[in-house]
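>>> test case, fold it:
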Amino acid sequence: GASNGTSTPDAGNGTSTPGELPTPGELPTPKIGLKLYLNRASYQYTKAGKRVPKSKLSKKKTVMSNGKVYTIKGKKYYCIGHNRYIKAVNVLPYSKKHDELLKLYLNRASYQYTKTGKRVLKSLLSKKKTVMSNREVYTIKGKKYYRIGHNRYIKVANVVTPY
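Numbering: from 1, shown residues only. This next block holds a predicted model:
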């Protein structure tokens, strides 16, 4: 089924044949687009969960996805076309309302939280660190948060925005 990524159709331009992979840097743009910002370097993987050789994408790069999250071997991935997937934990999806990200400056050390408001263990971000957000403010258990990654949020009270 589509949830485990085993029988998911290719989200590329539809012209690929089985076993044919483009070289890095020649990835097609998926037809339905969701921009993803790589907040850390990311390798590309096949739908079987195998790392594609020489396929590392650099930090701060923007790639396109079909917008669906796939589970492969228990981990979450976004498809970026031609049987290429990147780990969801490495990206920040752009907001559907905004086409730009927002740079946030931490004015105090800040823990990261999940979408349910649970603090992520060993996730303390240091004061004066810069992180990127998709500009939307989320309310979780009555508190305001910025999304900084896949299921990662920081409290609005801990940041300064450059307005």
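
>>> only C-alpha atoms from now on, for both contacts and neighbour counts.
Will do.

>>> quick check: L124 touching A109?
Yes. At 6.6 Å, L124 and A109 qualify as touching, with contact defined as Cα atoms under 8 Å.

>>> in this protein, which spans are strands?
Taking DSSP state E to define them, one finds strands in the chain at 34-38, 62-65, 69-72, 75-81, 84-87, 91-93, 102-106, 130-133, 137-140, 143-149, 152-155, 159-160.

>>> nearest to G117, of those strands?
strand 137-140 (5.9 Å; Cα to Cα).

>>> wait, K141 sits on K118?
No. Judged on Cα under 8 Å, K141 makes no contact with K118 at a distance of 10.1 Å.

>>> more neighbours: those two, which one.
K118 (12 against 9; other Cα atoms under 10 Å).

>>> and that one, what pLDDT?
Per-residue confidence (pLDDT) for K118: 96.

>>> beta partners for the residue nearest to R51 when sequence neighbours are not counted?
Among residues not flanking R51 along the chain, Y45 sits closest, at 4.3 Å (Cα to Cα, 6 or more residues apart in numbering). Counting by DSSP bridges, Y45 is bridged to R51, Y85.

>>> and the gap between Y45 and A109?
34 Å (Cα to Cα, to the nearest Å).

>>> before we move on, what about G142?
Here the criterion is Cα to Cα. By it, G142 lies 21 Å from A109.

>>> neighbour count for the two, which is higher?
Counting neighbours by other Cα under 10 Å for G142 and for A109 shows that A109 has the greater number, 13 against 8.

>>> among the strands of the chain, which comes closest to K54?
strand 84-87 (12.6 Å).

>>> chain center to that closest one: distance?
How far strand 84-87 lies from its chain's middle: 10 Å, per Cα atoms, centre = their mean, to the nearest Å.

>>> do the same with stretch 119-137
14 Å.

>>> now the end-to-end length of it.
17 Å.

>>> who touches it?
Residues outside stretch 119-137 that contact it (Cα atoms under 8 Å, 6 or more residues apart in numbering) are 39, 92-95, 98, 100-114, 144-149, 156.

>>> kind regards, and thank you for your time.
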